[in-house]
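Visitor: Build me a model:
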Amino acid sequence: MGWLGLVLSGFAVLLLLGTGHNVLVTLAIIAGAGCFWSWGVMHNYATEEAKKRSGYNGDFYDITAREASSVPSWITILNFFFTLAALGFFVTAIVI
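Guide: Sure thing, here's the model as predicted:
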């Protein structure tokens with residue numbers, strides 16, 4: 001999901017700082033780190049597949065749909081759940 005989870009968890013941390021909910025701040029940081037890590041792993045899988053293409057120029061977003069589909073399901077699911085957690089912490093921070 002790219003930067004979405006990272007941005008949501010960042011805003012959640014900013015909104016939760018100073019509220020006394022240190023556990024929620026820590027969990028939001030962990031969710032953001034998980035989003036960033038899993039997105040990087042997914043990008044690495046797709047980039048390794050893209051390097052096999054003759055027209056690959058090395059740009060960050062120079063990845064085709066076929067190369068993106070080479071990402072294993074487990075890391076995609078993990079990224080999805082980290083993003084959902086980031087969204088949950090963001091909503092919680094707005095409510096608090």
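Visitor: quick one, strands of this structure?
Guide: Ranges of strands within the chain: none, based on DSSP state E.
Visitor: Listing request: residues of it with sub-threshold pLDDT.
Guide: 1, 58, 60 (pLDDT under 70).
Visitor: Can you tell me the centre-most residue of it?
Guide: Cys35 (2.7 Å; CA atoms, centre = their mean).
Visitor: Please name every helix or strand in contact with the longest helix along the chain.
Guide: Using DSSP state H to define each element, the chain has its longest helix at helix 22-50. If contacts are counted by 3 or more CB pairs under 8 Å, 6 or more residues apart in numbering; DSSP states H and E, helix 22-50 sits against helix 3-16, helix 65-68, helix 73-95. Where you see a C-beta, it was placed from the backbone N, CA and C, and this is true even at glycine.
Visitor: Make a markdown table out of those and add distance to Ala46 and mean neighbour count.
Guide: What follows is the helices and strands packed on helix 22-50, written out as a markdown table (distance: least, CB to CB, whole Å; neighbours: other CB atoms under 10 Å):
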| stretch | distance to Ala46 | mean neighbour count |
| --- | --- | --- |
| helix 3-16 | 16 | 20 |
| helix 65-68 | 5 | 13 |
| helix 73-95 | 11 | 17 |
